[in-house]
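from the sequence below, what's the structure:
(one chain, ligands or ions: 2)
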Amino acid sequence: MLGSGETIAAISTPLGEGGIGIIRISGEEAFTIAKKVFVPRKRGPSPGYPRSHRLYYGHVFSGRGELIDEVLLSFMKAPHTYTREDTVEINCHSGVYTLRMILQEVLRAGARPARAGEFTRRAFLNGRIDLGQAESILKLIRARSEEGAKAAAANLEGRLSQQIKELRERMLELLARVEAHLDFPEELEDDSGLENELRKELAQMSEMLKKMEGGAERGAVMQEGLVSAIVGKPNAGKSSLLNALLQEQRAIVHELPGTTRDPLEGYLTVRGYPLRLIDTAGIHGTADPVEQAGIKKAEDAVSDARLLILVLDGSTAWSEDDEAVASLISPGQLVVIVVNKIDLPQKINKAIIGERFGQYPVVRTAAIKNEGVERLEETIAGLLDRDLGAVSAESPVMTHLRHARTVEEARDHIERALEASLGEPIEMAMIDLREAWEKLGEITGETVSEELLDKIFSEFCIGK
Ligand SMILES: Nc1nc2c(ncn2[C@@H]2O[C@H](COP(=O)(O)OP(=O)(O)OP(=O)(O)O)[C@@H](O)[C@H]2O)c(=O)[nH]1
Ligand SMILES: [Mg+2]
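Residues are numbered from 1 along each chain as shown. Ligands and ions are numbered 1, 2, ... in the order given. Sure thing, here's the model as predicted:
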């Protein structure tokens, strides 16, 4: 099956300086178009030119006969291609100018520019991948951490899709059995056997869906990074700690308090957990409007954060500023207390720390000497292990919010079916079971609407 019949083309590699860049052409006319812009080096028709899945060396010329670049071309015959359509990839030198020039020639030769995600959309429409896999490709393109990439890759193999498919099959079987029973009620004396079985099945399905939901939050964290704010009074050593964690001089560190104004971000992976680490302005009472603006941003960052790294300066006494910082913690936030500058004589009152932060882990560091930083990472990882729960290797991590929501909705239907099965006529339960079945089909794309497809594929970048 072919897509819309139109042949599409786009630059498939990121624009910028690089070793090679690729222009991808897909559709019925792909070969014809490529042959118009490409001149193979070997003179005379080589036998069978162009042969599928072979690389050809040659040049691309402009319509006016000017040489644009020396390239390698691969012609790939359907269906053994990404889109299942005839596909050509032009490997050229990756400069923005070269890539654009070649694309222009390809468009002039009859292709039209591909829309965002259109190659993957065609792969889906032509049945090469299901929708869950398509979204995993998107995630893979964007994954920030190795773990995130692994989770996306696992879904790409269709693990989530596989589980959903099995569950849907079970639902369908159940629907069929109940319907057969409803059609021929006289063959059974009473319903109680079937009803018991129905309840048991529904309860199991609800459990399975609940487990899948569990993977969703972890999935989101793996993709986006856990939002984590470093917060404390001025000069406590927040920026020094950020630099120590990132192992680079990202933030300006200075002995003057009030150095950091705008929040500063860095990405860090702690034992496989990606963190989006935000360094913030020191929080204290001030009349300086610029500082006030920075503090406002710091407070916003704190309230958005899932993890707070609250930094105290061990070399100064506990103060009102520390009190103000402590009051920003909101219930449910993950918190680590860091007592920094332990290389200096300690003035902070340990009793107050115990009193104010008894329920949180405390780590002692000397950020500028890199002391205690590893301990801090371990502590953070421990908190996350407990919070997100160890997910076993086989359970699919849901990398997409849409999947998580859909699974939740499906479980709502199953719960309602379960309720209905406790008193209402059996048909009522069947309605919700069928809805759950349909919902789950949206994940694999078996019951998906055109509108949803548009939304999903529009998130892709062009060329994918
Ligand atoms: N002795 C010692 N000095 C430190 C340590 N950590 C930071 N400092 C020093 O403390 C000063 C302030 O450090 P910063 O990292 O800029 O502190 P900050 O909390 O980001 O400060 P603001 O951005 O102004 O709120 C600098 O002079 C650092 O060199 C430490 O562990 N030991
Ligand atoms: Mg700072």
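
residue ranges of the strands in the protein, please?
8-11, 18-26, 38-40, 54-61, 67-76, 87-94, 112-113, 226-232, 264-270, 273-279, 307-313, 334-340, 362-364 (DSSP state E).

for ligand 1, which of those strands is the nearest?
strand 334-340 (5.0 Å; C-beta to the nearest ligand atom). C-beta coordinates here come from the backbone N, C-alpha and C atoms, glycine included.

check what contacts that closest one and list those residues.
Residues outside strand 334-340 that contact it (C-beta atoms under 8 Å, 6 or more residues apart in numbering) are 232, 236-237, 240-241, 306-314, 329, 348, 353, 357, 360-367, 372, 376, 379-380, 383-384, 387.

which among the residues you listed count as buried?
With burial judged by 16 or more other C-beta atoms under 10 Å, the buried subset of the contacts of strand 334-340 is 232, 236-237, 240-241, 306-314, 329, 348, 353, 357, 360-367, 372, 376, 379-380, 383-384.

tabulate the strands of the chain in TSV, adding columns for distance to ligand 2.
Formatted as TSV, the strands of the chain follow (distance: least, C-beta to the ion, whole Å):
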stretch	distance to ligand 2
strand 8-11	40
strand 18-26	35
strand 38-40	55
strand 54-61	51
strand 67-76	47
strand 87-94	38
strand 112-113	46
strand 226-232	9
strand 264-270	8
strand 273-279	6
strand 307-313	10
strand 334-340	12
strand 362-364	19
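
okay, those in a markdown table with distance to residue 167 next?
Shown next, in a markdown table, are these (distance: least, C-beta to C-beta, whole Å):
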| stretch | distance to residue 167 |
| --- | --- |
| strand 8-11 | 35 |
| strand 18-26 | 34 |
| strand 38-40 | 48 |
| strand 54-61 | 43 |
| strand 67-76 | 35 |
| strand 87-94 | 34 |
| strand 112-113 | 40 |
| strand 226-232 | 29 |
| strand 264-270 | 33 |
| strand 273-279 | 29 |
| strand 307-313 | 34 |
| strand 334-340 | 32 |
| strand 362-364 | 43 |
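
so for residue 405, which of these sits nearest?
strand 226-232 (20.0 Å; C-beta to C-beta).

tell me what angle the closest one forms with strand 334-340.
40 degrees (axes from the mean of the first three to the mean of the last three C-alpha atoms, to 10 degrees).

identify the residues contacting the closest residue to ligand 1 within the stretch 201-350 of the chain.
Relative to ligand 1, the nearest point of the stretch 201-350 of the chain is residue 282 (2.6 Å; C-beta to the nearest ligand atom). The contact partners of residue 282, taken as C-beta under 8 Å, 6+ apart, are 232-236, 238, 257-260, 295, 298, 321.

and those residues, which are buried?
For these, buried by 16+ other C-beta under 10 Å: 232-236, 238, 258-260, 295, 298, 321.

contacting residues around residue 432?
Counting by C-beta under 8 Å, 6+ apart, residue 432 has contacts 413-414, 416-417, 420.

what is the burial count for residue 288?
By other C-beta atoms under 10 Å, 10 other residues sit near residue 288.

isn't it up against residue 258?
Yes: because the distance of 7.5 Å satisfies C-beta atoms under 8 Å, residue 288 is recorded as touching residue 258.

can I get the strands of the chain in JSON lines with mean pLDDT and distance to residue 425?
As requested, the strands of the chain are arranged in JSON lines below (pLDDT from 0 to 100; distance: least, C-beta to C-beta, whole Å):
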{"stretch": "strand 8-11", "mean pLDDT": "92", "distance to residue 425": "52"}
{"stretch": "strand 18-26", "mean pLDDT": "87", "distance to residue 425": "52"}
{"stretch": "strand 38-40", "mean pLDDT": "90", "distance to residue 425": "68"}
{"stretch": "strand 54-61", "mean pLDDT": "91", "distance to residue 425": "65"}
{"stretch": "strand 67-76", "mean pLDDT": "92", "distance to residue 425": "56"}
{"stretch": "strand 87-94", "mean pLDDT": "91", "distance to residue 425": "54"}
{"stretch": "strand 112-113", "mean pLDDT": "88", "distance to residue 425": "55"}
{"stretch": "strand 226-232", "mean pLDDT": "93", "distance to residue 425": "47"}
{"stretch": "strand 264-270", "mean pLDDT": "86", "distance to residue 425": "54"}
{"stretch": "strand 273-279", "mean pLDDT": "88", "distance to residue 425": "49"}
{"stretch": "strand 307-313", "mean pLDDT": "97", "distance to residue 425": "50"}
{"stretch": "strand 334-340", "mean pLDDT": "97", "distance to residue 425": "48"}
{"stretch": "strand 362-364", "mean pLDDT": "98", "distance to residue 425": "60"}
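
got the ones you listed as JSON lines, with distance to ligand 1 columns?
Shown next, in JSON lines, are the strands of the chain (distance: least, C-beta to the nearest ligand atom, whole Å):
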{"stretch": "strand 8-11", "distance to ligand 1": "42"}
{"stretch": "strand 18-26", "distance to ligand 1": "36"}
{"stretch": "strand 38-40", "distance to ligand 1": "56"}
{"stretch": "strand 54-61", "distance to ligand 1": "53"}
{"stretch": "strand 67-76", "distance to ligand 1": "49"}
{"stretch": "strand 87-94", "distance to ligand 1": "39"}
{"stretch": "strand 112-113", "distance to ligand 1": "47"}
{"stretch": "strand 226-232", "distance to ligand 1": "6"}
{"stretch": "strand 264-270", "distance to ligand 1": "9"}
{"stretch": "strand 273-279", "distance to ligand 1": "7"}
{"stretch": "strand 307-313", "distance to ligand 1": "6"}
{"stretch": "strand 334-340", "distance to ligand 1": "5"}
{"stretch": "strand 362-364", "distance to ligand 1": "10"}
